[in-house]
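[1] Structural data only, the sequence is not supplied:
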């Protein structure tokens, strides 16, 4: 593994024998910040479920387009919850490419994410990386770095990119979104991308694989995904669609069955 600060053993809290959501996703995107155990899990998707890797790429593409849409609308503050490992075209790179003073708070619980992110962003005064569990929203909100960087009297963009499907039903994912929606003003945005179930064998097989290896991973139906936004947000066109079809630069060819299993939507708080 290529690690900022040395081998995996030098990063406190890292268990190289246990797969990580962030590091497996990094591997699927062609990154190098992963361990053998993460590659083994990723290879199950690549080899046992051929074609499924496109889900990671489609998700990343939708995130890039969403951030571009948000920052060009004039919103200059982002909170990326469950941000994962830094790759090319991160939220701050896209946002600050259009608005150099755009502010970004990255939140993750993975020690490798925190180590790499802090090293890469040490000299970026408008960006910070904080340790936080998505399920402990109050702690993230009250964190000194969040409060120092984000002005909650001004519009904020909340990014839930491929993270809420790692929140099990009994952990109330809709409630986690509502916590933040209640604390952002009118004109704020919420972006959610999420594994999408069509009650098909593929999504059931992938859910079984993730639950068995990570203890979490939930494919939800369109109705369940729309419910995550709650009643206080207005979902913008084109609505909830497969990620490849969310405001693409060029219209995609006919989607594969795998591409239909990741969806995205952007909403605004009126």
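    Received it, and whenever you're ready, just let me know what you need. For clarity, every value in this text was computed on a predicted model and none was experimentally measured.

[2] in the protein, which ranges drop under the pLDDT threshold?
    1-14, 85-88, 212-215 (pLDDT under 70).

[3] Okay, helices next: where are they in it?
    21-28, 36-43, 54-72, 91-98, 111-120, 137-142, 144-149, 173-181, 201-214, 222-229 (DSSP state H).

[4] got the angle for the first one vs helix 201-214?
    This points to helix 21-28. 130 degrees (axes from the mean of the first three to the mean of the last three C-alpha atoms, to 10 degrees).

[5] buried ones in helix 21-28?
    21-28 (16 or more other C-beta atoms under 10 Å). C-beta: built from backbone N, CA, C; applies to glycine.

[6] Return the member of these nearest to residue 200.
    Distance to residue 200 across the buried residues of helix 21-28 (C-beta to C-beta) is lowest for residue 28, with 20.4 Å.

[7] Could you pull up the residues touching the closest one?
    42, 45-46, 53, 56 (C-beta atoms under 8 Å, 6 or more residues apart in numbering).

[8] how about the residues you listed, which pair is most distant?
    Between all members of these, the farthest pair (by C-beta to C-beta) comes out as 46 and 56, at 10.3 Å.

[9] Test my guess that residue 219 contacts residue 263.
    No - counting by C-beta atoms under 8 Å, residue 219 sits too far from residue 263 to count as a contact (10.3 Å).

[10] Among these two, which residue is more densely surrounded?
    Set residue 219 next to residue 263 and count neighbours by other C-beta atoms under 10 Å: residue 263 wins out with 27 against 23.

[11] quick one: the nearest residue to residue 267 once chain neighbours are set aside from residue 117, how far?
    Among residues not flanking residue 267 along the chain, residue 233 sits closest, at 3.9 Å (C-beta to C-beta, 6 or more residues apart in numbering). From residue 233 across to residue 117, the span is 28 Å (C-beta to C-beta, to the nearest Å).

[12] again, but for residue 191
    For residue 191, the distance to residue 117 - C-beta to C-beta - is 19 Å.

[13] so where do the strands sit in the stretch 151-270 of the chain?
    Secondary structure of the stretch 151-270 of the chain (DSSP state E, counting those that start in this stretch): strands at 157-161, 189-195, 234-235, 241-242, 262-268.

[14] Could you dump these into a markdown table with distance to residue 61 added?
    Listed next are the strands of the stretch 151-270 of the chain as a markdown table, based on distance: least, C-beta to C-beta, whole Å:
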| stretch | distance to residue 61 |
| --- | --- |
| strand 157-161 | 11 |
| strand 189-195 | 10 |
| strand 234-235 | 19 |
| strand 241-242 | 11 |
| strand 262-268 | 9 |
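
[15] which one of those lies closest to residue 111?
    Nearest to residue 111, of these and by C-beta to C-beta, is strand 157-161 at 20.1 Å.

[16] Residue 24 contacts residue 34, doesn't it?
    Yes - with contact defined as C-beta under 8 Å, residue 24 counts as touching residue 34 (6.9 Å).
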